[in-house]
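**Student:** Generate a structure from the sequence data that follows.
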Amino acid sequence: MMPSGRTCNRAFGIRRTSQQQAAHARQTARVAQRPATCRRAPFVPSATFLQTSESAQKTANNGDAGVDTPFVKARTIPSERALAIWRSADAVCFDVDCTITVNDGLDLLADFMGVKDEVEALTTKAMDGTMSLTRSLEERLNIINCSPDDIRRFAKAHPPQSRLAPGIKELIKALQKRGVAVYLISGGFRELLLPLAAHLGIPKDRVFANRMHWQWDDETGMPTKLVGFDTSEPTARNQGKPEAIARIRENNPYNTVVMIGDGVTDLEAVQTSGGADLFIGSGVVVEREAVVAEAEWYVYDYKSLVSALSRYKVAMVGSGAWACAAARMIAQNTSQDDPEDEFDDDVRMWVHQGGELVETINSTHENPTYFPGIGLGPNVIATGNLAEAVADADLIVFCAPHQFIRGICKQLMGRVKPGAAAISLTKGMRVTPEGPELISQIVRRTLGIDCSVLMGGNIAEDVGREQLSEAVIGYYNLDNAQRFKKLFQRPYFRVSLLPDPVGAELCGTLKNIVALGVGMVDGLGLGANSKAAVIRQGLLEMRDFCQALYPAVRDDTFLECCGVGDLIATCIGGRNRRVAEAWTRSAVEAAVAEGNGPPSGRSWAELETELLKGQKLQGVLTSNEVQQILRTRGWEAHYPLFTTINRIINGHLPPHLVVDYMEGAKAAIPEELDEDIVPLPRQPAAAMARLFGQLVGGIAGGAGAAAQGGATGAASNGM
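**Tutor:** Next up, the predicted model:
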């Protein structure tokens, strides 16, 4: 409302709809507690509105005792145009007196100084046109005649929280959380507004208001006496608010600006070229007929504006154990812990099997196949249709086996909402003739959207049981990363941000190879010292490999939870360790039983099916992909652990060489004739069998004892 010093008098002289009457009743108690200056004679709707409101007037004529009163119905339901502008706003400008606050700052200061009646009389003259607004401001300041000490005492007596209109702080916070710039444009004075701005988190340079002029003491250099105000500010004159908005547009690349206020001079902001794109009238504190009549959208409760803000829709691509654990956290945050109402409650989950499993998840809110015994939440909605899952999604979470991501992205080409953002929880890479391609790179290149990564030491069942876990979000776009952090952060799941997405993602990929090695150590019945040595060497090779491919990867990334944290968790309780342990025990048992003959140990594919219940074993595939890079670039000798593990899983070396990886990397092996980089051998090769025969005496005892209950025990552990 313009200009400052005007009173916020309530105008309730017209007939209201039932909704307006209800709003009036809710406010009655608050009105009784407000200063007397909150009552003003009603405004008359503009002639333009009255000429186009014949039907509304006829409705009013049906009122009590034949009273013929124009009926003005507030547009409390926004038009599609208004709603679209509100949801796309880059900046929102608020009037202050009787919009953000329940009173007028200058009138409240006059009351504090004991000159309320004199100031109100001048305000009335300004409002009825018998005195210019500028002269009215000058004379009111002369009567108030405050000092800097008076301003400080006033601020202490009337702290910001005591002056705010109901719901305004929540609205401004919701806007700020969405990255919308918030401005205050007021005919009041900065000295009275800055405490409010600070309380609301609005920077000083986003406050447009008048400035008091002070007389300064020559000896102390301190201001002592009020001598007027700065008339050069746009808010010191008529049409000042559109001028202020024009300045904001000139200095900032805003496409859409919205003005919210209670008065006619706030309405001017949208009626002038270069001003706001939308005006929203506020009747939260005071209702004015002229504003009700002409506002494209009118609100009596700021909660309605918060509810009308756009919400981010979330889609989960994947339904395995980790996808379910992640979807459960997301569902908790979107439905229970979303104070700014920033996210749509429902989380859509793509279940590639479709059919019965989709029906089961939607009816029981549990995934009995991959995540039994742990509820996902009633707002996780499963679908077997990939396009349906991501339709209109603003935030897309990829958590499917890495070998399927490229195909999934190809199906989604042209179906993803423009401006959407993605995050990958998938660990792995794709090897091409041109070099490695990370999962986040596949998403970005195929779909043309930003893609962060979430990596950490997270066993799905532990997260589902809400045990302490942590992760990092490696990001390219900080705004998207912060939004994803709010989506995942829980009291039991700590999330930090890391500006090294490549390092974080490669750590999550490579640790599965090391976990295979640790599983082999367990399968051989060896102790903690051997496992520690393999883990240490594995971490070293992870770092060297990452920085050889991407020199910008940071050293400290490997000390984050996506590095050493994820490595330790996977080597203790991950699926790759479990399957490698069972595979090694099976191979050793076969060698003991068959001597120098070809062993018939169980294959990786067989154990994957038995132990993982439909989930995928990522370590073997990743090892083959990494080894192709090492072989192509002649790096095999520089990564002896990676090389030895790969030779073992492909049947070229016996498992015991995992703890003698320096020799394993030097061993001569047959030339690869098959160009397929991801073989899953059905049985150990003959060369491996002969080596097993040499091991029987050395490891049969320990491994044979360790094998008691081996595969069965492994199946019940971890992921």
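**Student:** From here on, just use CA atoms for contacts and neighbour counts.
**Tutor:** Will do.
**Student:** per-domain residue ranges of the protein.
**Tutor:** Domain ranges of the chain: 2-307, 311-499, 509-718, per automatic domain parsing.
**Student:** how about low-confidence regions in the chain?
**Tutor:** 1-72, 124, 126-129, 133, 236-238, 594-600, 614-615, 671-719 (pLDDT under 70).
**Student:** center of it, which residue is that?
**Tutor:** Residue closest to the mean C-alpha point of the chain, counted by CA atoms, centre = their mean, is R483 at 1.7 Å.
**Student:** if I've got this straight, that residue is in a helix?
**Tutor:** Yes - assessed with DSSP: H, G, I helix; E, B strand; the rest coil, R483 lies in a helix.
**Student:** quick one: it and K417, what's the gap?
**Tutor:** R483 sits 17 Å away from K417 when distances are taken as CA to CA, to the nearest Å.
**Student:** now do S623
**Tutor:** 35 Å.
**Student:** higher neighbour count, the two?
**Tutor:** A direct count of neighbours by other CA atoms under 10 Å for S623 and K417 places S623 higher, at 26 against 15.
**Student:** residues contacting the more buried one?
**Tutor:** 513, 642, 645-646 (CA atoms under 8 Å, 6 or more residues apart in numbering).
**Student:** With L171 instead?
**Tutor:** 302-303, 305-306.
**Student:** Just the buried ones from these?
**Tutor:** Neighbour counting with 16 or more other CA atoms under 10 Å marks 302, 305-306 as buried within those.
**Student:** Format those residues as TSV; extra columns: secondary structure and distance to A84.
**Tutor:** What follows is these, written out as TSV (DSSP: H, G, I helix; E, B strand; the rest coil; distance: CA to CA, whole Å):
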residue	secondary structure	distance to A84
Y302	coil	18
L305	helix	12
V306	helix	14
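**Student:** Take those residues and write them to TSV, including distance to A174.
**Tutor:** Converted to TSV, these look like this (distance: CA to CA, whole Å):
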residue	distance to A174
Y302	11
L305	10
V306	7
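**Student:** and of the residues you listed, the nearest to G651?
**Tutor:** Nearest to G651 out of the buried ones among the contacts of L171 is V306 (CA to CA; 61.7 Å).
**Student:** what's the closest one in contact with, if anything?
**Tutor:** 170-171, 174, 340-341 are the contacts of V306 under CA under 8 Å, 6+ apart.
**Student:** how about a cut-off of 7 Å?
**Tutor:** V306 makes contact with 171, 174 under the criterion CA atoms under 7 Å, 6 or more residues apart in numbering.
**Student:** and if you look at V347?
**Tutor:** 314-315, 331, 379-381.
**Student:** Make sure it is indeed in a strand.
**Tutor:** Yes - assessed with three-state DSSP, V347 lies in a strand.
**Student:** The closest residue to it other than its chain neighbours: neighbouring residues, count only.
**Tutor:** Excluding its sequence neighbours, the residue lying closest to V347 (CA to CA, 6 or more residues apart in numbering) is V380, at 4.8 Å. Each residue near V380 was counted by other CA under 10 Å, and the total is 25.
**Student:** any idea how far D344 is from V380?
**Tutor:** Distance, V380 to D344, using CA to CA: 11 Å.
**Student:** same question, K417
**Tutor:** Taking CA to CA, one finds K417 at 15 Å from D344.
**Student:** What of R577?
**Tutor:** 38 Å.
**Student:** Kindly report the same for W86.
**Tutor:** 17 Å.
**Student:** about what we covered before: nearest to V284, out of the buried ones among the contacts of L171: which one, please.
**Tutor:** The closest of the buried ones among the contacts of L171 to V284 turns out to be Y302 (CA to CA; 7.3 Å).
**Student:** Contacts only, for that closest one.
**Tutor:** 167-168, 171.
**Student:** May I see those residues organised as JSON lines, with distance to L526 and secondary structure added?
**Tutor:** Formatted as JSON lines, the contacts of Y302 follow (distance: CA to CA, whole Å; DSSP: H, G, I helix; E, B strand; the rest coil):
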{"residue": "G167", "distance to L526": "64", "secondary structure": "coil"}
{"residue": "I168", "distance to L526": "64", "secondary structure": "helix"}
{"residue": "L171", "distance to L526": "61", "secondary structure": "helix"}
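**Student:** for these, which one is nearest N142?
**Tutor:** Nearest member of the contacts of Y302 to N142, counting by CA to CA, is I168, at 32.1 Å.
**Student:** I'd say the closest one and V102 touch.
**Tutor:** No - contact criterion CA atoms under 7 Å: I168 and V102 do not qualify, at 10.6 Å.
**Student:** out of those two, which sits in the more crowded spot?
**Tutor:** V102 (23 against 20).
**Student:** what about that one, distance to R140?
**Tutor:** For V102, the distance to R140 - CA to CA - is 20 Å.
**Student:** W216 now?
**Tutor:** For W216 relative to R140 (CA to CA), the value is 21 Å.
**Student:** With adjacent residues omitted, what lies nearest to R647?
**Tutor:** Leaving aside its chain neighbours, R647 sits nearest to L653 (5.7 Å; criterion: CA to CA, 6+ apart).
**Student:** who's in contact with V534?
**Tutor:** 517-518.
**Student:** Tell me if I am right that it is in a strand.
**Tutor:** No - V534 sits outside any strand when classified using three-state DSSP, being helix.
**Student:** could we number from 31 for the rest of this?
**Tutor:** Shifting the count to begin at 31 puts that one at V564.
**Student:** how close does it get to G649?
**Tutor:** For V564, the distance to G649 (CA to CA) stands at 15 Å.
**Student:** With N542 instead?
**Tutor:** For N542 relative to G649 (CA to CA), the value is 5 Å.
**Student:** Which neighbours do the two have in common?
**Tutor:** Common neighbours of N542 and G649 (CA under 7 Å, 6+ apart) are N606.
**Student:** The residue nearest to Y284 when sequence neighbours are not counted: how many residues sit nearby?
**Tutor:** Excluding the flanking residues, the one nearest Y284 by CA to CA, 6+ apart is D120, at 5.6 Å. By other CA under 10 Å, 20 other residues sit near D120.
**Student:** so L477 touches M443, yeah?
**Tutor:** Yes - counting by CA under 7 Å, L477 does reach M443; the two are 5.8 Å apart.
**Student:** ok, those two, which is more surrounded?
**Tutor:** Using other CA under 10 Å as the criterion, L477 and M443 rank with L477 on top: 23 against 12.
**Student:** for that one, what are its contacts?
**Tutor:** Contacts for L477 (CA under 7 Å, 6+ apart) come out as 439, 443.
**Student:** make it 6 Å
**Tutor:** With contacts defined as CA atoms under 6 Å, 6 or more residues apart in numbering, L477 is in contact with M443.
**Student:** how close does it sit to L455?
**Tutor:** 17 Å.
**Student:** residue boundaries of the helices in the stretch 431-580 of the chain?
**Tutor:** Using DSSP state H, counting those that start in this stretch, the helices of the stretch 431-580 of the chain run over 432-442, 469-477, 490-494, 508-518, 531-553, 558-579.
**Student:** Of those helices, which is nearest T587?
**Tutor:** Closest of the helices of the stretch 431-580 of the chain to T587 is helix 531-553, at 6.4 Å (criterion: CA to CA).
**Student:** Does that closest one pack against any helices or strands, and if so which?
**Tutor:** Counting contacts by 3 or more CA pairs under 6 Å, 6 or more residues apart in numbering; DSSP states H and E, helix 531-553 is packed against helix 605-624, helix 648-663.
**Student:** Also compute the angle for that helix relative to helix 432-442, please.
**Tutor:** 140 degrees (axes from the mean of the first three to the mean of the last three CA atoms, to 10 degrees).
**Student:** which residues sit against helix 531-553?
**Tutor:** 457-458, 504-505, 561, 568, 583, 592-593, 597, 601, 606-607, 610-611, 614-615, 649, 653.
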